[in-house]
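**Q** Here is a sequence with its predicted model. Questions after.
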Amino acid sequence: MTNRFDPSRLKPFYLPHPDISQSLHLDAQRPQAHSPADIIQFFEKFFSIEPQNPEDIALLVGTSGSTGTPKTTMLSRAALLHSAQATAEATGSQYSQWLLCLPVHYIAGAQVLVRSVLNGTSPIVTNSIRYNTRFSSEDFLNSARSMTAEKKMVSLVPTQLQQLLDDVQRFPELLELLQGFCGILLGGAPASIALREQAQKYQLKIFTTYGSAETAGGCVYNGRALSSTQLRIETQHPEDTVGRIWLGGKHIAHGYLDQPQRTAQHFWCDNNGTRWYRTDDIGSLSQGFLEVHGRADDIIISGGVKISPAPIAQCLESHPAVVSAFVFPVPHRRWGQAVGCVVYAPEESPARLSPQLQQLCQNLEPAQRPKYLRVINSLPLLPTGKPDRGALYDLLREE
């Protein structure tokens, strides 16, 4: 696998008249339109019938809108199958029972149900999903207790796992149950260094995942591409090591419903018929290991210097009181843009922590040091449990 990738040989992929008559539409605007039981029934029927064309659209799923305009992604039967099979292969989770803690109208939750149907097992659904209430450690505990299979799997976002680990002292059984999962998929947002270290200390079997609705869910686990995935970096110059992340394979979506221009910007096809998805993320590859540096539109250009958010976030998250840090480009009269950071530290006084963080950032290069820094004790979240980056950026605008 090489780091150099030339997308000029690709051609835009576009499905002119997609047949969506037999597909299931999961709409984030109507999250209660389909229950988990409805979706399971649909997929049981769908996968039991021999398809005329495996590339027929099976699922329409909305992106979360956590970092941009929500879109409806078209996923084929083949895309779902290849994604689920690659996950089972990477995690050893064939025939496992899944615990559903994520909303089913987004790809991460929907894939839990797809994997369950293909495994021939019945997922356990938390009350927070069943009744559209807030995720809680007690609900997770009660649901996990009722799992009966020898192999157990769960998919979480970092804020959920952090909450569970924070409650281990209150619910000692939580740790034993978490350790009993043969795999915990952790995605939807980057996991902080502190959270990963905490999970490692507790000997949890964590698979950090990278992917999106456009890739039928996570397709890079613990920095390594799954068997179904081709991974490339598009750089501007031969000597560059950081560039745009491209993902290819049979699990790639067929574009966005009724958005041909947006589809043409992100979905491509090579001479072998492989679909490619041009992500909005910047990253680097080293010996097959992917490091995601952030979104392309989050790259900060201050006084002509390009600044990646990742090292700044890592520096801030090295403080023991910090759960997660978010880095943004903020308009600056002199430099064009400057570094702005919102730091989530639920148990520390902002007035006390801010100068400590400013001192910590002296370890960064001068251009990387935050010009704007805000510490918060409460993290705004989207319905998926992901941090609401729009709301976080608005906090910096209030400074």
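**A** Sure thing, it's come through. Residues are numbered from 1 along each chain as shown.
**Q** pLDDT at Pro190, what is it?
**A** Note on Pro190: pLDDT of 84.
**Q** what sits against it?
**A** Going by Cβ atoms under 8 Å, 6 or more residues apart in numbering, Pro190 touches 158, 292, 313, 324. Any C-beta I mention is one placed from the backbone N, CA and C, and that applies to glycine too.
**Q** again with Asn127
**A** Asn127 neighbours (Cβ under 8 Å, 6+ apart): 133, 139, 142-143.
**Q** Narrow these to those that are buried.
**A** Buried members of the contacts of Asn127, scored by 16 or more other Cβ atoms under 10 Å, are 139, 143.
**Q** Tabulate the contacts of Asn127 (TSV), appending secondary structure and distance to Gln287.
**A** Converted to TSV, the contacts of Asn127 look like this (DSSP: H, G, I helix; E, B strand; the rest coil; distance: Cβ to Cβ, whole Å):
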residue	secondary structure	distance to Gln287
Thr133	coil	44
Asp139	helix	41
Asn142	helix	43
Ser143	helix	39
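**Q** can you pull the contacts of the closest residue to Glu44 other than its chain neighbours?
**A** Of all residues not flanking Glu44 in the chain, Val117 sits nearest, at 5.5 Å (Cβ to Cβ, 6 or more residues apart in numbering). Contact analysis of Val117 by Cβ under 8 Å, 6+ apart lists 40, 43-44, 47.
**Q** Would you verify that Val117 is located in a helix?
**A** Yes. Membership of Val117 in a helix is supported by DSSP: H, G, I helix; E, B strand; the rest coil.
**Q** what about it, distance to Ile20?
**A** From Val117 across to Ile20, the span is 20 Å (Cβ to Cβ, to the nearest Å).
**Q** in this structure, what spans have low per-residue confidence?
**A** Applying pLDDT under 70 to the chain flags the ranges 1-4, 28-29, 31-32, 63-69, 398-399.
**Q** can you list contacts of the longest helix seen in it?
**A** Ranked by number of residues, the top helix in the chain under DSSP state H is helix 77-91. Contacts to helix 77-91, defined as Cβ under 8 Å, 6+ apart, come from residues 46-47, 51, 54-56, 58-59, 93-94, 96, 111, 114-115, 118-119, 153, 182-183, 185, 207, 215-219, 221, 226-229, 249-254.
**Q** rerun that using 6 Å as the cut-off
**A** Under the contact criterion Cβ atoms under 6 Å, 6 or more residues apart in numbering, helix 77-91 has outside partners 51, 54-55, 58, 94, 114-115, 118, 183, 216-217, 221, 226-228, 250-251.
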